[in-house]
Each structure stands twice: as C-alpha cells, then as structure tokens.
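[1] Coordinates for the following, if possible.
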Amino acid sequence: MRTGPVLAVLLVAAVAGCGTDEPVAEPGPAVSSAAPAASGTATATATATRTTAVSKNTSSGWEITVYYTAVEDFHDGADTPVTGCAKLDCKDGRDDLGSYPSDFVDAVKDEGTGRTSSGQYLNWSYDIGFWLDSEPRTSDGERLTAFVSAAADPDVLPQGTGFTITACGTQDDGSAPQEAVCAALRDGAWKISDEFTPGLGGRKHIDAYIGPETSANFTDSDWYITLNGAELRTAG
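    Below you'll find the predicted structure:
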C-alpha cells in the first residue's frame, strides 16, 4: 500500500511505463441475433431488475490512487543500511538486511514493496517494519497481484470485497487519463486484500496495485496516477 501523500494502480505481467501496452481483454460470447424476443412486460421487468441491481452495487465519487513495486535497478542515492526481519514471520526485527540506494529505501516505505537487484523483495509495513521475502506482499503477508490487489479502509470495503472500476473519472488537473491506463484499470479483477497505513485512507479512497515500476522516471509516467470522481461496482 502506498504510504506517501498520494497513497499509492510484481507484476505477474509487467506494466509499461510509457502507457502504450495494455492488458488485452478476452472477447465475450457472441450474441445471437436470432434469439426470441421477450414480451413487452417481461422485457420491462427484466430491465427494471437489472437497473435496480446495478444501482445497488455501483457508487461514484471515488478517489483511486495506485501503488507499485519499486525496483532497485532504477534508483540511486547513498548506500543506506536496512535492518529488519530476514523472514516474513517476524516483527520489529534487527537483522542486517543489506544496504540499498537511499531513494529505493524511501520508495519501499512509500509503496510497501521493492524488488532488489538480487531478485529478493524488500517489503515494509507500519506494523512489521522491513523484511526480506520471495514475493511482494500486502501488509498482512498475502501475495500482491497486479490489477487484482487493492487497499481500502476496512469499515468502507471489508477485506475480500471484489469490485470493478466502471468509470475512471478525471485526473487532478481535470483531464481524462490516458485510455490505455483507464482500460487496464477497468479490466482489472480487483479485490480488497491490503490496507492503508492508519490515518491515510478515506471514506471513498481505493489504492490499486499495478505491479513493478518500469523505468527510472516511473512516477512521471502516465501510470502513476490519481483519479477523482471514479465509479466502482462491487461484486454481489
């Protein structure tokens, strides 16, 4: 989860920082034009039922931020020693976890996870501190999955809640996000499996995990985004 000002949309599939590569949705089933027409009454009833269901599960006015896995190879700065846990099942450890570029360490604390040059993951959460791992993790130790894992305040959306982003809203400057970015977010099969650092969430705030950064200037790319006035549809 992002813990910086824009509380931060490994990769199982990498996300391109240039905003051109996007997930390809599988085509849906073909609709037969020869299907029998329903009676007027039946059609009206079915439409009303669908409208009620959509209205019940859809809400607007959401803020969506993204978080990502920092990649050591894209960072520099003075070598900074890190102490913590050498394994996941630990808290407030004091083991020597190695030295890393200072801005990589800062990014790990902001985003919650980072991939080191050795291929290990340096993870961080407010209640554990730093730890080394073989996977990027949520604050509860669950594996992060790009375009699936998301964070929300538990009193707003409980853990395990599935949802889709049905409309992306606008960026902070009022402009629409790049279509490739919006399409990737809409195509995600999101589930609340992470949580914010206390005090950094919000009543209608989602943090969506988009995988590892893809360039040294990732936070200047189209993928590092905050959306306002977005629309969500929860499962069920």
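
[2] which one's the longest strand in this protein?
    Ranked by residue count and defined by DSSP state E, the top strand of the chain is strand 58-71.

[3] got the buried residues for it?
    For strand 58-71, burial by neighbour count (16 or more other C-beta atoms under 10 Å) applies to W62, E63, I64, T65, V66, Y67, Y68, T69, A70, V71. Backbone N, C-alpha and C define where each C-beta goes, glycine included.

[4] Serialize those to a markdown table and add fields for distance to D153 and pLDDT.
    Shown next, in a markdown table, are these (distance: C-beta to C-beta, whole Å; pLDDT from 0 to 100):
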| residue | distance to D153 | pLDDT |
| --- | --- | --- |
| W62 | 12 | 97 |
| E63 | 12 | 97 |
| I64 | 14 | 97 |
| T65 | 13 | 96 |
| V66 | 17 | 97 |
| Y67 | 15 | 96 |
| Y68 | 21 | 98 |
| T69 | 23 | 98 |
| A70 | 24 | 98 |
| V71 | 28 | 98 |
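
[5] circling back to that earlier point, which other helices and strands does the longest strand of the chain contact?
    Contacts defined by 3 or more C-beta pairs under 8 Å, 6 or more residues apart in numbering; DSSP states H and E place strand 58-71 against helix 102-111, strand 113-115, strand 162-167, strand 205-212, strand 226-234.

[6] That one vs strand 162-167, what angle?
    Following axes from the mean of the first three to the mean of the last three C-alpha atoms, to 10 degrees, one obtains 100 degrees for the angle between strand 58-71 and strand 162-167.

[7] Cool, thanks, talk later.
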